[in-house]
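Trainee: Structure of the sequence below:
(chains A and B)
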Amino acid sequence: EAGVVQSPRYKIIEKKQPVAFWCNPISGHNTLYWYLQNLGQGPELLIRYENEEAVDDSQLPKDRFSAERLKGVDSTLKIQPAELGDSAVYLCASSLGSGVNTEAFFGQGTRLTVV
Amino acid sequence: DAKTTQPPSMDCAEGRAANLPCNHSTISGNEYVYWYRQIHSQGPQYIIHGLKNNETNEMASLIITEDRKSSTLILPHATLRDTAVYYCIVRVATGIQGAQKLVFGQGTRLTINP
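Mentor: Here you go, the predicted model:
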């Protein structure tokens, strides 16, 4: 069975340009997470979806970041406009529910470089 | 939030057991301890989790102290492919729909030496 699939794997853009990342979670997983990982740091949660509803987006910088999960399956994370400080790895994860006894599975991430 | 403390780095010889410690002295009674690892240029990989009993699976063993204030991840026969950053995480209640989220620290960079 395929794991969490993310694309693109790498992206280089100029500052002020828009960028979008795509995530396909494991089939049947109703919970989807987007994490941000800066170099040398652990991942930080940006947003969590339960099906198509964003139930925790408190860490998402809403002035430039947006996300959607139409039909409760695939998800897209967008940045517009990108800034130099947005250079990082963007990780998507999914799980069967979000209870305390549920493991999350991560994709390989999208490495964004803003120049 | 129940936070964790891990050594920033450790070394272990190939074939030996790697024991990675983690302190979580403020853990609450219903919070689980999770371990993930992240190999270079990959996403985090789930290893094991537990509440209060020791746990073992095909990858590792998790030993949790009786007071639950610390735990140790054991890789019984480390190989070069076990070189990675290992994260000890206490699953934190978000207060939103009673759900939990993973809060990562900086982890332990484990290097397996030939």
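Trainee: For the rest of this, base every contact and every neighbour count on C-alpha atoms.
Mentor: Noted.
Trainee: Say whether chain B is contacted by stretch A:39-46.
Mentor: Yes. Where contact is defined by CA under 8 Å from any CA of the partner chain, part of stretch A:39-46 touches chain B, namely A:40-45.
Trainee: what residues are up against the spatially most central residue of chain A?
Mentor: Per CA atoms, centre = their mean, the C-alpha nearest to the average position across chain A is that of residue A:34, at 2.9 Å. When contacts are counted by CA atoms under 8 Å, 6 or more residues apart in numbering or on different chains, residue A:34 is found next to A:45-48, A:77, A:90-93.
Trainee: Strands of chain B, residue ranges please.
Mentor: Listed in chain order, the strands found in chain B under DSSP state E are B:9-13, B:18-23, B:33-38, B:45-50, B:55-56, B:61-64, B:70-75, B:84-90, B:92-93, B:100-101, B:108-113.
Trainee: Identify the neighbouring strands of the longest one in the sheet and state each direction.
Mentor: Read it as strand B:84-90. Strand B:84-90 has the following strand partners under DSSP bridges: strand B:33-38 (antiparallel), strand B:108-113 (antiparallel).
Trainee: check contacts around residue A:60.
Mentor: Applying CA under 8 Å, 6+ apart, the residues near residue A:60 are A:46-47, A:66.
Trainee: same thing but at 7 Å, please
Mentor: Applying CA atoms under 7 Å, 6 or more residues apart in numbering or on different chains, one finds that residue A:60 lies in contact with A:46-47.
Trainee: for it, helix, strand, or coil?
Mentor: Classification of residue A:60 into helix, strand or coil gives coil, according to DSSP: H, G, I helix; E, B strand; the rest coil.
Trainee: show me what contacts residue 38?
Mentor: In the absence of a named chain, chain A is used. Residues counted as contacts of residue A:38 (CA under 7 Å, 6+ apart) are A:88-89.
Trainee: Actually, chain B is the one I wanted.
Mentor: Taking CA under 7 Å, 6+ apart, we find residue B:38 in contact with B:44-45, B:84-86.
Trainee: ok so, going back, and the strands paired with strand B:84-90, which is most packed in?
Mentor: Stretch with highest mean neighbour count among the strands paired with strand B:84-90: strand B:33-38 (a mean of 23; mean count of other CA atoms under 10 Å in any protein chain shown).
Trainee: just the angle between that one and strand B:18-23, please?
Mentor: In this structure, strand B:33-38 runs at an angle of 130 degrees to strand B:18-23, with axes from the mean of the first three to the mean of the last three CA atoms, to 10 degrees as the basis.
Trainee: ok, back up a step: please name the bridge partners of the residue nearest to the centre of chain A.
Mentor: Those that pair with residue A:34 in a beta bridge, by DSSP bridges, are residue A:47, residue A:92.
Trainee: so where is chain B shaky, pLDDT-wise?
Mentor: Scanning chain B for pLDDT under 70 picks out the ranges B:1-2, B:93-99.
Trainee: Please name the spatially closest residue to residue B:32 (chain neighbours excluded).
Mentor: Leaving out its chain neighbours, the residue that sits closest to residue B:32 by CA to CA, 6 or more residues apart in numbering or on different chains is residue B:51, at 4.7 Å.
Trainee: ok, now residue B:64?
Mentor: The nearest residue in space to residue B:64 (CA to CA, 6+ apart) is residue B:71, at 4.3 Å.
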